[in-house]
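>>> what follows is a protein structure lacking sequence information:
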């Protein structure tokens, strides 16, 4: 028993080793290694163009790192892709929302790509939580951009993933929305989940939070 | 896995029917182009009859080509493509679902409207069936091979001409055998060989093109 | 041409096909030359670009130091 | 053992190493290409006998046929190196593919034009939808598609991979395209009178043909190395070794 508990501690949920990213001939970062354990929340800091989005896309396996590895529970992401993707959710700054579909249909479509089902009353509950109660049969082009962001928040909650990777989750959200994201992150952490996020807005979380800062390696000869 | 396939197929079909005005565009284009030929050449029955298989097939090629964009463009731009790629399901299955939806929305209507155009161009009645059959076997290949092209060019601004440059040469075998089948059938000869060839190409495209498309999408997503 | 004596005018005449034969060979020669010359020009361009980049970086580092 | 080979491949395929070695290799291809080319021209123009059917015009085949072979050969080389680049992430292989494309396109163009120049006296028209000419035309489009895709994607790595995949898809399609064009051509044979294919070739005609083909291959090898070296310099322009090297030039 002890051994098992020990090994669970030594193998982090997500680990990067000597990641390097080159974009348009600029070295964005190199030799970037960090770990993320269960229940840890990690903020990626850095100026515009320092490679935050590229890093998140590399972590997801959407972009290939120019060097280095990303490990999910100790194994290369490309090897355990299926398990990784079942437990990880990525929300980028693109809306992922179809204007011609209703809120409910959009959420269902997003959950379908993850092969997840959610009963209607659960969806309604979550919609109420993110402040979209009563909007479930409204086509999304009638919604404001903040409301569309909230659909993604509902998706985030319904997906029940252990690892959240969020690129600028506060974009287009009002004060209440920001507070909502903060509570969501806290509760996610309490439930043992982990998260990696970037943001330009100050996010005040009353809990321990690690940070990784991307330097300005740009424009240097590699 | 089957569920992932059918859910995505249903989503794409639903989306297409929500914007109905765009739905018929490839079909209208097809009919329009075909009906330009009698105006440009001459409405003489024997001339049009000779040209009919080629005209119909080339128009089908072009209208599929024009509709290819909607296969991935929208999903790429709004980020849904990223979500598809982060799905625990194999990407090949999802690609197949999208191509399937695309064919149902463009290829199948072309097959169904073909008899009308055959009549426009004096295709003999006994060749109409072959015309539909050749389109039925050929248009899925156009969607499948086209999917590779779009997934490679979806990130390119103004990639329309580029897409045709990439895709059209690959369409040539289907064009040759499809048009020839109709031509030969008009003379009342057997077209078994041509249809078997189209079937073989379809089987090949069905097994390889989704793989290539999946690889291409992963390359493109690496933005 | 494999007659008893070799004549240049007959050779260039190519049995009446001079235009076709010589334009083929001429085009081939032209394409060969283009293929040789264009990488050489390209090389000069690349070298020039790299040199300019080096100069730019030196300026930048001097500006930083002062 | 495998690890050793792999390490060796990695070492050799590093751009810096390649740059040094290829510089030494180029003369070894270029000089024989030149000598063989001269020898082939001499054999083809002076030694090979006049064709009893086509007269002197057949001498175009000493250009046309090697060019047509090269156009195919280079496309296959591109597909193989693109596959290596895609599977093993070897950048050098991508550069070879990219450097090959313009050369291949030029050879294809040459094969097309010489084909129609040969066709004019034979068929009475500059262009006839002959199977070989049609295939060459389609091949030219495939080359154009590759080059257009390569140049329209900004990120170099994505461009390499995308166009590499395209060239692989193309190479799978080429046999199908070729077969259908051949088949289509035999259906509509009416137009073509003479065919290009060897009319039981005289040995004195065969030798210059093969010599010219070999010269063309060596020429390609030399030029592709020159082009790949330029690619290396350009793509590695931010690395220190390139900067040190350029300073000395």
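Thanks, I have the structure now. All values derive from a computational prediction rather than experimental measurement.
>>> CA atoms for contacts and neighbours, from now on please.
Noted.
>>> for residue A:139, see how far away residue D:132 is.
Separation of residue D:132 from residue A:139 (C-alpha to C-alpha, to the nearest Å) stands at 56 Å.
>>> comparing those two, which shows the higher neighbour count?
Neighbours per residue (other C-alpha atoms under 10 Å in any protein chain shown) separate residue D:132 from residue A:139, with residue D:132 holding more: 20 against 17.
>>> check what pLDDT the more buried one gets.
pLDDT for residue D:132: 82.
>>> same question, residue D:243
86.
>>> ok, now which ones touch it?
Residue D:243 makes contacts with C:50, C:51, C:54, D:237, as judged by C-alpha atoms under 8 Å, 6 or more residues apart in numbering or on different chains.
>>> most neighbours among these, which one?
Among the contacts of residue D:243, residue D:237 has the most neighbours (other C-alpha under 10 Å), with 23 neighbours.
>>> now that residue: closest residue in space, sequence neighbours ignored.
Nearest non-adjacent residue to residue D:237, counting by C-alpha to C-alpha, 6 or more residues apart in numbering or on different chains: residue C:50, 6.1 Å away.
>>> what is the neighbour count of residue 40?
Going with chain A. Residues lying near residue A:40 (other C-alpha under 10 Å) number 21.
>>> chain D is the one I meant
Using other C-alpha under 10 Å, residue D:40 has 23 neighbouring residues.
>>> how about residue B:11?
Applying other C-alpha under 10 Å, we find 20 residues neighbouring residue B:11.
>>> give me the nearest residue to it, chain neighbours excluded.
Counting by C-alpha to C-alpha, 6+ apart, the residue nearest residue B:11 is residue A:109, at 6.8 Å.
>>> next one: the one you found from residue B:69, what distance?
Taking C-alpha to C-alpha, one finds residue A:109 at 21 Å from residue B:69.
>>> these two: which has the busier surroundings?
More crowded of residue A:109 and residue B:69, by other C-alpha under 10 Å: residue A:109, with 23 against 20.
>>> just the element for the more buried one, please.
Residue A:109 is located in helix A:103-113, with elements delineated by DSSP states H and E.
>>> try residue D:168
Applying DSSP H and E as the criterion places residue D:168 in helix D:156-187.
>>> the helix or strand just after that helix and chain C in contact?
Sequence order places helix D:203-235 as the next helix or strand after helix D:156-187, per DSSP H and E. Yes - using C-alpha under 8 Å from any C-alpha of the partner chain, we find that helix D:203-235 touches chain C at D:223, D:226, D:227, D:230, D:233, D:234.
>>> got the contact list for the last one?
Under the criterion of C-alpha under 8 Å, 6+ apart, the contact list for residue D:234 reads C:46, C:50.
>>> pLDDT score assigned to it?
Looking at residue D:234, its pLDDT reads 90.
>>> and if you look at the second one?
The model reports residue D:226 with a pLDDT of 95.
>>> what's residue B:86 sitting at in phi/psi?
phi -90, psi 10 (degrees, to the nearest 10).
>>> count the neighbours of the residue lying closest to it once chain neighbours are set aside for me.
Excluding its sequence neighbours, the residue lying closest to residue B:86 (C-alpha to C-alpha, 6+ apart) is residue A:85, at 5.9 Å. Each residue near residue A:85 was counted by other C-alpha under 10 Å, and the total is 21.
>>> what strand or helix carries residue A:85?
Per DSSP H and E: helix A:81-87 holds residue A:85.
>>> mean confidence score for the helix or strand following that helix?
Sequence order places strand A:88-91 as the next helix or strand after helix A:81-87, per DSSP H and E. Averaging pLDDT along strand A:88-91 gives 94.
>>> which residues touch residue 20?
Picking chain A for this. With contact set as C-alpha under 8 Å, 6+ apart, residue A:20 has these partners: A:27, A:28, A:29, A:30, A:31, A:32, A:65, A:66, A:67, A:68.
>>> sorry, I should have been clearer: chain C.
Residue C:20 makes contact with D:57, D:60, D:117, D:118 under the criterion C-alpha under 8 Å, 6+ apart.
>>> so how far is the lengthiest helix in chain C from its chain's centroid?
Looking across chain C with DSSP state H, the single longest helix is helix C:18-65. Offset of helix C:18-65 from its chain centre (C-alpha atoms, centre = their mean, to the nearest Å): 10 Å.
>>> so what angle separates the directions of that helix and helix D:203-235?
Calculated by axes from the mean of the first three to the mean of the last three C-alpha atoms, to 10 degrees, helix C:18-65 forms an angle of 20 degrees with helix D:203-235.
>>> by mean pLDDT, point me to the weakest helix or strand of chain A.
Between all helices and strands in chain A, the lowest mean by mean pLDDT, DSSP states H and E belongs to helix A:2-10, at a mean of 49.
>>> what element comes up after it heading to the C-terminus?
Sequence order places strand A:14-23 as the next helix or strand after helix A:2-10, per DSSP H and E.
>>> mind listing what's buried in that next one?
Using 16 or more other C-alpha atoms under 10 Å in any protein chain shown as the test for burial, strand A:14-23 gives A:14, A:15, A:16, A:17, A:19, A:20, A:21, A:22, A:23.
>>> pLDDT score assigned to the residue in chain B that chain A sits nearest to?
Nearest residue of chain B to chain A, counting by C-alpha to the nearest C-alpha: residue B:222, 4.1 Å away. If you check residue B:222, the pLDDT there is 82.
>>> count of neighbours near it?
If you count neighbours by other C-alpha under 10 Å, residue B:222 ends up with 18.
>>> now for it: which residues touch it?
Residue B:222 is in contact with A:57, A:62, A:63, A:64, D:158, counting by C-alpha under 8 Å, 6+ apart.
>>> hmm, the second one is touching residue B:218, no?
Yes - with contact defined as C-alpha atoms under 8 Å, residue A:62 and residue B:218 form a contacting pair (7.0 Å).
>>> how close does the spatially most central residue of chain D sit to chain C?
In chain D, the centroid-proximal residue (C-alpha atoms, centre = their mean) is residue D:74; its distance is 3.1 Å. Distance, residue D:74 to chain C, by C-alpha to the nearest C-alpha, to the nearest Å: 14 Å.
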